[in-house]
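Undergrad: Next comes the sequence, and after it the predicted model I'd like to discuss.
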Amino acid sequence: MSTNTLTEIRNVRLGKAGSLRSSSLNPYPSRSQRTHYAKAILDDFASHEGKQVTVAGRLMSWRKQGALAFGHVLDQTGRIQLFLRRQLVQATNPAAGNLGYAELNLLDLGDLVEATGKVMKTERGEISVLVESIRLLTKAIRPLPDQWSGLKDREQVLRKRYLDTILTPETHERFIKISQMVAAIREFLNARGFLEFNTPVIQPQYGGGTAKPFKTHVNALGCEMYLAISHELNLKRLIVAGYDKVYTIGRYFRNEGIDRSHHPEFSMVETMTAYENYEYNMNLIEEMFRHIAITVFGRTQFKVKGHTIDFSQPWRRISMADAVKEKTGIDFRACPTVEDANSRLAALGINEPQPSIGEALVKAFEVKVEHELIQPTLLFGQPVEISPLAKPMADDPRFAERFEIFIAGMECGDNWSEQNDPVHLLETWQKSYRVEERDTGKFHTLDFDFIEALEYGLPPTTGIGPGVERMAMIFTEQENIDDVIFFPLMRPAISPMNASLYGIQQTELAPVEDLALAFEEFQSLCKGGLLKPSVPHLTIKPHMRVWKAPSSSEPARATGHVEIEGFLPNSVLRLSGFAMPAVERLPEGETKVLESLERSLVDFLHKTFPEVKVTVSPPTALHSS
């Protein structure tokens with residue numbers, strides 16, 4: 001069989017499915033009558049021996065020896081042997097869906113089957129089900145990869161994780177443990193009076209962190225929004241609303257790099273606790289890790305990046321300044337000027353001048369200390385320059401009431417006492433905000449709705465934010481984040497074999513490219529039938545820039561372009577070259593210019609494609625002096 005091509009194997013199996021149907025046997029019934037999982041029988045044979053059970057799962061081994069047959073079925077909990085004797089197996093019964101002994105040749109490895117019989121041990125001592133009736137639940141059209149060698153290609157493991165978990169018990173068990181880990185987090189927080197809330201993934205602002213966001217467009221509202229990089233600001237709104245302990249286990253999206261410890265989409269546990277400060281969370285996070293270790297994994301020591309990490313011991317707590325001083329002998333707290341701080345960096349071989357003393361301290365920590373924090377460590381007192389959402393320390397306002405978790409040299413969470421002074425927070429945001437770099441992830445965006453909420457009064461509040469995948473890497477002893485994400489993000493691809501089997505002409509996804517055209521070129525292509533909408537609903541986003549003349553007596557000039565979604569699959573079409581009138585007065589002139597830009601395009605689209613609906617999103621307008 002292994003020498004046959006996939007096409008031949010599929011055809012043989014499709015033929016078997018056809019034979020089953022011709023015998024009035026459904027190869028895809030809608031339910032099973034399973035009564036027991038494999039593990040329950042194997043773990044407690046004494047109470048199951050001689051009793052009738054029904055098991056169901058994937059057929060992983062199969063051999064017939066005359067009047068005897070043996071197989072193993074794999075379910076979520078493990079695998080158990082099926083033992084069949086010809087004289088005991090019930091005859092084919094289409095009404096019940098049973099296969100007779102003679103029809104067992106219609107089964108293949110990978111099929112999903114159900115077997116009913118009594119629990120016993122074979123002469124070799126293997127716990128088995130002595131089968132009295134057997135049903136096919138799902139006919140597998142494709143063969144499983146070789147069970148002995150499994151999936152060897154790393155890309156195939158990531159793309160077809162479902163096969164990896166079928167073939168590799170360790171991988172299967174790993175994802176069970178990760179699921180149990182998340183359940184243990186909920187159990188831990190719920191027992192301490194926390195309430196779980198769902199916070200929005202699609203947000204008008206992407207506040208609560210500094211990361212490059214993913215942008216999206218909400219057609220129903222006619223505006224651009226963002227996928228959440230953090231849920232922190234909404235959790236604080238819940239504190240304002242009167243809930244003292246809240247949390248979410250949410251999805252986060254950061255349009256940045258992919259490496260062994262970073263992924264664009266990930267999960268995080270975020271909490272907010274009212275009337276406490278960051279020291280409360282130091283205890284909370286340490287207790288949470290210890291609870292997970294014992295409850296889910298039954299141990300406190302784990303191998304992480306070659307180090308034995310022990311969660312049974314109290315975690316070390318040290319300030320960033322003391323950690324750097326301990327390693328380098330330099331106390332950045334004593335630096336009188338930023339020039340002095342940078343000279344001390346240079347003495348450490350770090351020739352990257354920083355804009356402030358605090359940022360020089362951070363750079364020294366990242367280069368000289370971070371990778372050496374092996375056992376669980378709570379590093380507190382980060383400079384306020386890098387902590388805009390945290391409260392300054394009362395005894396030294398140069399540093400924040402903030403701590404980070406470090407395990408095996410890896411940062412595993414960021415936590416602080418929340419800044420609840422709305423005036424101070426707004427000033428901090430405004431100092432760093434640059435409109436031309438708004439979506440670069442270099443600073444916190446201005447969220448005036450959140451500032452308004454703070455003005456109603458946010459009590460003293462503190463939060464934690466450990467990453468779920470980072471925790472999973474530690475507890476399952478994995479060094480690659482892809483190995484704790486069942487569906488890692490990968491560029492879509494269609495194999496040549498699938499393209500052939502499914503009649504697909506294109507074997508790879510077309511690259512996503514934006515297309516820019518002059519308005520006249522666009523009109524010509526549309527009129528010639530070369531360019532047409534790919535969907536029945538187009539969305540237009542106008543953009544305009546007003547150029548002020550050097551002399552106040554001269555009218556300003558305006559340039560503009562539009563973005564259209566819906567003409568090209570997976571692409572944005574940009575149009576420029578519109579005739580733009582002079583702007584005599586602001587802001588009335590801007591409105592007229594935008595109306596002119598929209599009207600010329602919308603009128604053309606309605607005339608050329610009358611069946612297509614057109615929505616115009618709110619415009620953006622920038623000014624250049």
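TA: Looks like it arrived, so ask away.
Undergrad: C-alpha from now on. contacts and neighbour counts both.
TA: OK.
Undergrad: Flag every buried residue along whatever helix or strand Lys431 lives in.
TA: For Lys431, the enclosing helix or strand under DSSP states H and E is helix 422-432. When burial is assessed from 16 or more other Cα atoms under 10 Å, helix 422-432 yields the following buried residues: 422, 425-426, 428-429.
Undergrad: Likewise for stretch 350-361?
TA: Neighbour-count burial for stretch 350-361, with 16+ other Cα under 10 Å as criterion, is recorded at 350, 353-354, 356-361.
Undergrad: And stretch 531-541, by the same measure?
TA: 533, 538-541.
Undergrad: before we move on, what about stretch 166-175?
TA: By 16+ other Cα under 10 Å, the buried positions in stretch 166-175 come out as 166-167, 171-175.
Undergrad: Export that stretch to CSV, keeping only CA atoms.
TA: Written as CSV, here are the backbone C-alpha positions of stretch 166-175 (Å, rounded to 0.1, in the frame of the first residue of the first chain):
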residue,chain,number,x,y,z
ILE,A,166,-2.5,11.7,16.4
LEU,A,167,0.9,10.3,15.9
THR,A,168,2.8,11.7,18.8
PRO,A,169,1.4,11.0,22.3
GLU,A,170,3.7,13.6,23.9
THR,A,171,2.4,16.4,21.7
HIS,A,172,-1.2,15.2,22.3
GLU,A,173,-0.7,15.3,26.1
ARG,A,174,1.1,18.7,25.9
PHE,A,175,-1.9,20.5,24.5
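Undergrad: Report the distance from that stretch to the chain centre.
TA: In this view, stretch 166-175 has its centroid 20 Å away from the chain centroid, taken as Cα atoms, centre = their mean, to the nearest Å.
Undergrad: ok now do Gln87, which residues does it touch?
TA: If you count contacts by Cα atoms under 8 Å, 6 or more residues apart in numbering, Gln87 has them with Ala67.
Undergrad: any idea how far it lies from Gly117?
TA: In this structure, Gln87 lies at 13 Å from Gly117, with Cα to Cα, to the nearest Å as the measure.
Undergrad: Could you report the neighbour count for Ser23?
TA: For Ser23, the tally of surrounding residues (other Cα atoms under 10 Å) stands at 12.
Undergrad: If we ignore the residues flanking it in sequence, what's nearest it?
TA: Counting by Cα to Cα, 6 or more residues apart in numbering, Pro94 is the residue found nearest to Ser23 once chain neighbours are left out, at 7.4 Å.
Undergrad: per-residue confidence at that neighbour?
TA: You'll see Pro94 listed with a pLDDT of 95.
Undergrad: doesn't Glu114 make contact with Glu132?
TA: No - in this structure, Glu132 is not within contact of Glu114 by Cα atoms under 8 Å, at 10.9 Å.
Undergrad: centre of the chain versus stretch 138-149, how much separation?
TA: Its chain's average C-alpha position is 29 Å from that of stretch 138-149, according to Cα atoms, centre = their mean.
Undergrad: pLDDT (mean, whole number) over that stretch?
TA: Across stretch 138-149, pLDDT averages out at 88.
Undergrad: now swap in stretch 284-301 and tell me
TA: Per-residue pLDDT values over stretch 284-301 give a mean of 97.
Undergrad: Filter the buried residues of stretch 531-541 down to the ones in strands?
TA: 538-541 (DSSP state E).
Undergrad: all helices for the stretch 151-300 of the chain, in order.
TA: Secondary structure of the stretch 151-300 of the chain (DSSP state H, counting those that start in this stretch): helices located at 154-159, 161-167, 169-191, 232-240, 278-297.
Undergrad: would CSV of the ones in strands among the buried residues of stretch 531-541 with pLDDT be doable?
TA: What follows is these, written out as CSV (pLDDT from 0 to 100):
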residue, pLDDT
Leu538, 84
Thr539, 82
Ile540, 84
Lys541, 82
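Undergrad: May I see those residues organised as a markdown table, with distance to Leu379 added?
TA: Formatted as a markdown table, the entries for these read as follows, by distance: Cα to Cα, whole Å:
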| residue | distance to Leu379 |
| --- | --- |
| Leu538 | 51 |
| Thr539 | 48 |
| Ile540 | 48 |
| Lys541 | 46 |
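Undergrad: Correct me if wrong: Pro388 contacts Thr428.
TA: Yes - taking Cα under 8 Å as the definition, Pro388 is a contact partner of Thr428 at 6.5 Å.
Undergrad: from the buried residues of stretch 531-541, which is closest to Ser524?
TA: Pro533 (14.4 Å; Cα to Cα).
Undergrad: how much space between the closest one and Lys212?
TA: For Pro533, the distance to Lys212 equals 30 Å [Cα to Cα].
Undergrad: Many thanks, have a good one.
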